[in-house]
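*Asks:* just coords:
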């Protein structure tokens, strides 16, 4: 299995304050990696580095064998921001058709991604009239256009009801099975069970990374919330 | 750059405008209503209407376009769609030209209505050709559009964007030679007036009114207007950053 993402000693500063303090991450292709950590831990900043929209202070980011932000990655990486970034005054289909035109993919792709995210019934609704969760799925559908090899998803399941969340995780698993690499951030630990690998981020540092089972074994507890707590306590113990 | 992306962007912007009939009405009807108001105001002053009417045909589209485009592109920045587009295979100029094309269509309709109204029912006397007046008006509207696109880079909120109207547009209105002939301005003010693009837009309109010839001065005026427009678009592209802090 080759590596989809290799990050080495990544430093990022915003407003004179360092946000990420030397991150090292390797993500294998065709897997689901969960980026977990509390709000403010630097998850979004790290994801922005992967898609190449973040100014980096130091370190290297390699995505699909290219430097992060390389022109050639623009067709190969799909990115979903936390807030839905679609046009609220257009219908779902108008949004997707426009982004499909920008990506140069076929119009038939639009119907496919709509059914992937379960929005077929809302194809001709204006986005502003949809619920928050539906808007988030329009944003996700946009990122699925053109079959990207890497999907970077910033909290895609926030505010969705349990059934929808389950459906989306199924979709993510199908995508991973077809070879797509997914990096999914969340601040909810129970999302971790769906991921093959976890990156635990806290205060701009990787606290731990590994499979859920590895982390459970290392800490000797079963519940993933508990795992995170133990890891924090261990680190603080080591500092003291 | 890609023609199909530019065209798709123009179509998208026009679809967004269509969803917002109130803005379309403001863009098309307001200049016409203001012209009628001006005509009414100057009922017994034909000469004055002939003198002010033409410059006004340049000013209204210019001002409206500055406001509408700066807010429209600011929205693109604040809703995250700009960031998304810039992670896609889109050239920055594709986006700006798409906007330019869409608002260019609006400008043609807007100026067409105003010019037809002015020289038709309102009886504006112009020595030059009506079509030339139309061309000048459209170019002025496009100048406003390009400045609006550029200015939106310096506003963080829509409140700030709207404040650019008095800050950027009013000085140009005061110094363009409409209130006081440029020849009688203080040398320093005259020099400032010389570098403001609206001065050339107004000058072109005044020349169309007073002379039948398509003189080379109008050519110079329109060259300045077009050059400023292109410069503002290019600067606008520079202010679109793929990577931000």
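*Replies:* It's in. Fair warning: this is a prediction, and the values are worked out from it, not measured in the lab.
*Asks:* How many residues are close by residue A:116?
*Replies:* Other residues within reach of residue A:116, judged by other C-beta atoms under 10 Å in any protein chain shown, total 18. Heads up, the C-betas are built off the backbone N, CA and C, glycines and all.
*Asks:* For it, give its distance to chain B.
*Replies:* Plainly put, residue A:116 is 18 Å away from chain B if you go by C-beta to the nearest C-beta, to the nearest Å.
*Asks:* show me what contacts that residue?
*Replies:* By C-beta atoms under 8 Å, 6 or more residues apart in numbering or on different chains, the contact set of residue A:116 is A:141, A:144, A:171.
*Asks:* check contacts around residue A:128.
*Replies:* Per C-beta under 8 Å, 6+ apart, neighbours of residue A:128: A:88, A:89.
*Asks:* Look at it and give its secondary structure.
*Replies:* helix (DSSP: H, G, I helix; E, B strand; the rest coil).
*Asks:* how about the contacts of residue A:116 in CSV, adding pLDDT, distance to chain B and neighbour count?
*Replies:* CSV is the format used below for the contacts of residue A:116 (pLDDT from 0 to 100; distance: C-beta to the nearest C-beta, whole Å; neighbours: other C-beta atoms under 10 Å in any protein chain shown):
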residue, pLDDT, distance to chain B, neighbour count
A:141, 95, 12, 25
A:144, 94, 13, 21
A:171, 91, 20, 17
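*Asks:* Nearest to residue A:210 among those residues?
*Replies:* Nearest to residue A:210 out of these is residue A:171 (C-beta to C-beta; 24.7 Å).
*Asks:* For the closest one, which non-adjacent residue is closest in space?
*Replies:* Leaving aside its sequence neighbours, residue A:171 sits nearest to residue A:116 (C-beta to C-beta, 6 or more residues apart in numbering or on different chains; 5.9 Å).
*Asks:* So for the residue nearest to residue B:34 when sequence neighbours are not counted, what's the pLDDT?
*Replies:* The spatially closest residue to residue B:34, leaving aside those adjacent along the chain, is residue B:60, at 6.0 Å (C-beta to C-beta, 6+ apart). As predicted, residue B:60 sits at a pLDDT of 85.
*Asks:* so what's the residue nearest to residue A:215 when sequence neighbours are not counted up against?
*Replies:* Of all residues not flanking residue A:215 in the chain, residue A:227 sits nearest, at 5.1 Å (C-beta to C-beta, 6+ apart). By C-beta under 8 Å, 6+ apart, the contact list for residue A:227 reads A:215, A:216, A:219, A:221.
*Asks:* how many other residues sit next to residue B:193?
*Replies:* Residues within reach of residue B:193, counting by other C-beta under 10 Å, total 21.
*Asks:* Got the phi and psi for it?
*Replies:* The phi and psi values for residue B:193, taken as degrees, to the nearest 10, are phi -60, psi -40.
*Asks:* What count of nearby residues applies to the nearest residue to it once chain neighbours are set aside?
*Replies:* Leaving aside its sequence neighbours, residue B:193 sits nearest to residue B:175 (C-beta to C-beta, 6+ apart; 4.2 Å). Residues lying near residue B:175 (other C-beta under 10 Å) number 23.
*Asks:* which SSE is the residue of chain A found nearest chain B in?
*Replies:* Closest contact between chain A and chain B, by C-beta to the nearest C-beta, is at residue A:85 (3.2 Å). In this assignment (DSSP states H and E), residue A:85 forms part of neither any helix nor any strand.
*Asks:* list the buried ones in stretch A:210-218?
*Replies:* Using 16 or more other C-beta atoms under 10 Å in any protein chain shown as the test for burial, stretch A:210-218 gives A:212, A:215, A:216.
*Asks:* Can you name the residue of chain B nearest chain A?
*Replies:* residue B:80 (3.2 Å).
*Asks:* Which pLDDT value does the model give that residue?
*Replies:* Looking at residue B:80, its pLDDT reads 88.
*Asks:* just the contacts of residue A:116 now: which is nearest residue A:4?
*Replies:* The shortest approach to residue A:4 among those belongs to residue A:144, at 16.7 Å (C-beta to C-beta).
*Asks:* Which residue is the nearest non-sequential neighbour of residue A:3?
*Replies:* residue A:26 (5.4 Å).
*Asks:* Same check on residue B:118?
*Replies:* residue B:124 (4.3 Å).
*Asks:* tell me what whichever helix or strand residue B:67 is part of is packed against?
*Replies:* Following DSSP H and E, one finds residue B:67 within helix B:46-78. Judged by 3 or more C-beta pairs under 8 Å, 6 or more residues apart in numbering or on different chains; DSSP states H and E, helix B:46-78 is in contact with helix B:21-41, helix B:92-119, helix B:130-151, helix B:158-164, helix B:197-210.
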